[in-house]
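1. structure here, sequence nowhere to be found:
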C-alpha cells in the first residue's frame, strides 16, 4: 500500500485572520486569550510557538474533516500506533503538540472494510489549504499546507516526517492499499 503525507507550517495571529500570507492561530471560542502578547499580527522571522497543550479537535475545511483526536504512541515493533476508530484521527504523544516547535504528527485511516475513513480525501489537499487544531488550552493552532506527498509503504520518508524543525509544523499521515 501507499502512504500519504501532508506537511503544514504554522504562524500565529491572535484574532484569527490571515495577514500577509501568514498562517494563523487564535483563541478558540470561549477559550482563554493568550496574554503574552497584545492582539494583532505577528511579524518577524517566523511563527510564535505555543506551549505544550493536548490537541482536542482537528478541522480540515477543504476536505470536510472535523474529528476529535485520540492519543497515539508506538507499537512494540516501533511503528506508530493507529486509531482504533476509523472515523477519528490521533496525535503522536511522544512528539510536539500542534503549535509547539517541531513536527507534530497526526495519523488517521484512509478507509476501512466498510468504506471511506477520516483521511479518505487527504490526497486532495493542496498548498495553501488550512488545517486547524483546537487545543485543550483554548487556543487553535492553524496551519497552511505546504506539501502533499505519496510514498510506497516500503519507502516512507520517516526521517523527513519526524525530523526536527525550528518552527511549528504539522504532519498528517494516512495509509492505503490492501488491508494487512
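-> Perfect, I can see it now. Since we're looking at a predicted model, the values are computed, not measured.
2. so where is the chain shaky, pLDDT-wise?
-> Applying pLDDT under 70 to the chain picks out residues 1-47, 176-180.
3. apply 90 and report the result again.
-> 1-48, 78-79, 112-113, 146-163, 174-180 (pLDDT under 90).
4. for the chain, just list every one of the strands.
-> 2-10, 25-27, 55-60, 65-72, 89-92, 102-107, 111-112, 115-116, 130-135, 139-152, 168-175 (DSSP state E).
5. need the ones you listed in JSON lines with mean neighbour count, can you?
-> Glycine gets a C-beta too; all of them are placed from N, C-alpha and C. Shown next, in JSON lines, are the strands of the chain (neighbours: other CB atoms under 10 Å):
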{"stretch": "strand 2-10", "mean neighbour count": "22"}
{"stretch": "strand 25-27", "mean neighbour count": "22"}
{"stretch": "strand 55-60", "mean neighbour count": "20"}
{"stretch": "strand 65-72", "mean neighbour count": "17"}
{"stretch": "strand 89-92", "mean neighbour count": "25"}
{"stretch": "strand 102-107", "mean neighbour count": "23"}
{"stretch": "strand 111-112", "mean neighbour count": "16"}
{"stretch": "strand 115-116", "mean neighbour count": "10"}
{"stretch": "strand 130-135", "mean neighbour count": "23"}
{"stretch": "strand 139-152", "mean neighbour count": "19"}
{"stretch": "strand 168-175", "mean neighbour count": "24"}
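6. out of those strands, which is closest to residue 81?
-> strand 65-72 (4.4 Å; CB to CB).
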